[in-house]
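Chemist: Test case, fold it:
(4 chains)
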Number of protein chains: 2
Amino acid sequence: MSISPKQALYGEFANVARAIGHPHRLEILEHLAQGERGVDALSERIGLAIANTSQHLQRLRRAGLAVSRRDGKFIFYRLADDTVLTLLSSLRRVAERNIAEVDRIVRGYFAGRDNMEAVSRGELFERMRAGLVTVLDVRPADEFASGHLPGALNIPLNELTARLAEFDPRQEIVAYCRGAYCVLSFEAVAALRARGFKVRRLEDGLPEWKAAGLPIEVNA
Amino acid sequence: MSISPKQALYGEFANVARAIGHPHRLEILEHLAQGERGVDALSERIGLAIANTSQHLQRLRRAGLAVSRRDGKFIFYRLADDTVLTLLSSLRRVAERNIAEVDRIVRGYFAGRDNMEAVSRGELFERMRAGLVTVLDVRPADEFASGHLPGALNIPLNELTARLAEFDPRQEIVAYCRGAYCVLSFEAVAALRARGFKVRRLEDGLPEWKAAGLPIEVNA
DNA sequence: TATACATTCAATTGCTATCTTGAATGATAT
DNA sequence: ATATCATTCAAGATAGCAATTGAATGTATA
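Modeler: Take a look at the predicted model:
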């Protein structure tokens, strides 16, 4: 006697849920949301052993969250489609609204979040068109090269204090990086604020911008 | 040395994901999406031991997906808020689009799905207002009583063949139950089709109808 | 106060996931 | 062909999860 269709379906759904139910895999997904990535690049950036990274990636693939492509010796992974991004943002929203611990972490580590009011995508887009803001991308150069907001200035976080001269001090800066909880943009805002710049954070990151159908610039 | 805020946050997110990463908990959530339910009622309807059900419910509560309320001897659980429903539907959509197995199950068990083209909420609402359809709720009577589509006729699946006389044979029937994969409505459609009725399924169930802001009737 | 009842807790058992290590595959380059 | 490199596979140790059982909690009723 076989299991019911409902049980079989819920088994599959649960499988997908467990695939996103691991901190490392969530971090991998955040990187994949930026664009295609190789196993080696992911493992290095996240700080996992290569075999371990490979296993996580395969699990994501089996769960239908990622797909892979071979190019010579390298294997590149990317998100299966945009529904994955939607799923991740739903997950984030549920956790933000219903888990006190999340709020505590955000308030504790990203001190004074009230002062860090984020800019929405729509508002930023308008202000960009009007030439009112400097858009700052604080991700590493290679991630910037594979896609970024039009006209954005790329200064990776570790070079920030050495390159302050590149900013027009009269213009507001909007910083962004990989996503809503990418630490880089929080730290960039704090560092620039401390030096007197008027700066805010984009509410989320490049993947959401892209998913919203807003324009992207590659390799400029 | 403490863990990074990003790791802490992803740990919390992963926790929420694992909470929906179990078939029984998904089924519990489907029931909770209908409205508030007691532990005993849930355990009986799903077919789990009471202690086991209680533990699953507590896990859902710790993950911020459900909240509980005491009323005398009884403890009632319900979904924490509407974002939980959104999360579940994102999960479903990802699985539907990216996992071949899901498609196989749906096609295999709910044979001839092509003939079972579903009606959207919007279309059904229009046809209801115009008086063109009989809306059939095939859930058990108690679930019907705690909320259902306006003017719906409640015939639980096991009584269906005995109560065919209640249908106007000239009017189209639209059947619904708990959600997109609630087996009851699939079987109702099949049974009624076999008897010559013109009948379709609502694309999803009561929770989605409610979440879309469409009107609900209680205890009519 | 004593009893009944709904739910939760605690402890046990078996299972599944994770990470590590070292070997195996599959492709390119010498 | 052989060597080299990126990735995957396989096996083993550890830890966390899930279901079961029986006891404990807390509330209502007699």
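
Chemist: ok, longest helix in chain A?
Modeler: helix A:82-98 (DSSP state H).

Chemist: Which SSE is immediately downstream of the lowest-mean-pLDDT helix or strand in chain A?
Modeler: Counting by mean pLDDT, DSSP states H and E, the weakest-scoring helix or strand in chain A turns out to be helix A:100-109, with a mean of 85. Using DSSP states H and E, the helix or strand that follows helix A:100-109 in sequence is strand A:118-119.

Chemist: What residues sit buried inside whichever helix or strand comes after that following strand?
Modeler: With elements assigned by DSSP H and E, the helix or strand that comes after strand A:118-119 is helix A:121-129. Residues A:121, A:124-125, A:128 are the ones in helix A:121-129 that count as buried (16 or more other Cβ atoms under 10 Å in any protein chain shown). In this view, the C-beta of every residue, glycine as well, is placed from N, C-alpha and C.

Chemist: Which elements pack onto helix A:121-129?
Modeler: The contact analysis (3 or more Cβ pairs under 8 Å, 6 or more residues apart in numbering or on different chains; DSSP states H and E) places helix A:121-129 against strand A:133-137, strand A:172-176.

Chemist: in chain A, which spans are strands?
Modeler: Under the criterion DSSP state E, chain A contains strands at A:37-38, A:66-71, A:74-79, A:118-119, A:133-137, A:153-154, A:172-176, A:199-202.

Chemist: Run through who's touching the second one.
Modeler: Think strand A:66-71. Strand A:66-71 has contacts (Cβ atoms under 8 Å, 6 or more residues apart in numbering or on different chains) with A:29, A:32, A:36, A:57, A:60-61, A:75-80, A:84.

Chemist: Nearest to chain B among those residues?
Modeler: Looking at those and their distance to chain B, the nearest is A:Ala80, at 4.7 Å (Cβ to the nearest Cβ).

Chemist: mind checking how far the residue nearest to that closest one when sequence neighbours are not counted is from A:Arg62?
Modeler: Leaving aside its chain neighbours, A:Ala80 sits nearest to B:Asn98 (4.7 Å; criterion: Cβ to Cβ, 6 or more residues apart in numbering or on different chains). Going from B:Asn98 to A:Arg62 by Cβ to Cβ, to the nearest Å gives 10 Å.

Chemist: more neighbours, the two?
Modeler: Of the pair B:Asn98 and A:Arg62, B:Asn98 is the one with more neighbours under other Cβ atoms under 10 Å in any protein chain shown, namely 21 against 13.

Chemist: I figured the more buried one hits A:Leu65, correct?
Modeler: Yes - proximity of B:Asn98 to A:Leu65 meets the contact threshold set by Cβ atoms under 8 Å, at 7.0 Å.

Chemist: shared neighbours, the two?
Modeler: With contacts taken as Cβ under 8 Å, 6+ apart, the residues that reach both B:Asn98 and A:Leu65 are A:80, A:84.

Chemist: show me what contacts the spatially closest residue to A:Ala212 that is not a sequence neighbour?
Modeler: Leaving out its chain neighbours, the residue that sits closest to A:Ala212 by Cβ to Cβ, 6+ apart is A:Arg121, at 5.7 Å. Residues in contact with A:Arg121 (Cβ under 8 Å, 6+ apart) are A:202-204, A:208-209, A:212, A:214.

Chemist: for A:Leu136, same thing?
Modeler: Residues in contact with A:Leu136 (Cβ under 8 Å, 6+ apart) are A:152-153, A:155, A:173-176, A:188, A:199.

Chemist: Name the residues linked to it by a beta bridge.
Modeler: As for beta bridges, A:Leu136 partners with A:Leu153, A:Ala175 under DSSP bridges.

Chemist: circling back: buried ones only from the contacts of strand A:66-71, please, as a ChimeraX command.
Modeler: Command for ChimeraX that selects the buried part of the contacts of strand A:66-71, burial taken from 16+ other Cβ under 10 Å:
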select /A:29,32,57,60,61,76,77,78,79,80,84
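
Chemist: Quick check: the farthest pair among the contacts of strand A:66-71?
Modeler: A:Ile75 and A:Val84 (18.6 Å; Cβ to Cβ).

Chemist: where does A:Arg129 sit relative to DNA strand C, distance-wise?
Modeler: For A:Arg129, the distance to DNA strand C equals 44 Å [Cβ to the nearest atom of the strand, to the nearest Å].

Chemist: repeat for A:Glu27
Modeler: Computed as Cβ to the nearest atom of the strand, the A:Glu27 to DNA strand C distance reads 11 Å.

Chemist: same question, A:Gly151
Modeler: On the measure of Cβ to the nearest atom of the strand, A:Gly151 and DNA strand C end up 36 Å apart.

Chemist: Same list (the contacts of strand A:66-71) but as TSV, adding pLDDT and distance to A:Gly47.
Modeler: Shown next, in TSV, are those (pLDDT from 0 to 100; distance: Cβ to Cβ, whole Å):
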residue	pLDDT	distance to A:Gly47
A:Leu29	98	16
A:Leu32	96	16
A:Glu36	94	20
A:Leu57	98	15
A:Leu60	98	18
A:Arg61	97	21
A:Ile75	97	20
A:Phe76	97	20
A:Tyr77	98	17
A:Arg78	97	21
A:Leu79	97	21
A:Ala80	96	25
A:Val84	97	23
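
Chemist: check the contacts of strand A:66-71 against DNA strand D, which are close?
Modeler: Restricting the contacts of strand A:66-71 to those near DNA strand D by Cβ under 7 Å from any atom of the strand leaves A:57, A:75.

Chemist: Closest to DNA strand D out of the contacts of strand A:66-71?
Modeler: Closest approach to DNA strand D among the contacts of strand A:66-71 (Cβ to the nearest atom of the strand): A:Ile75, at 4.0 Å.

Chemist: Return the residues of chain A in contact with DNA strand C.
Modeler: By the rule Cβ under 7 Å from any atom of the strand, the part of chain A lying against DNA strand C is A:18, A:21-22, A:24, A:48-49, A:51-52, A:55-56, A:59, A:70, A:72-73.
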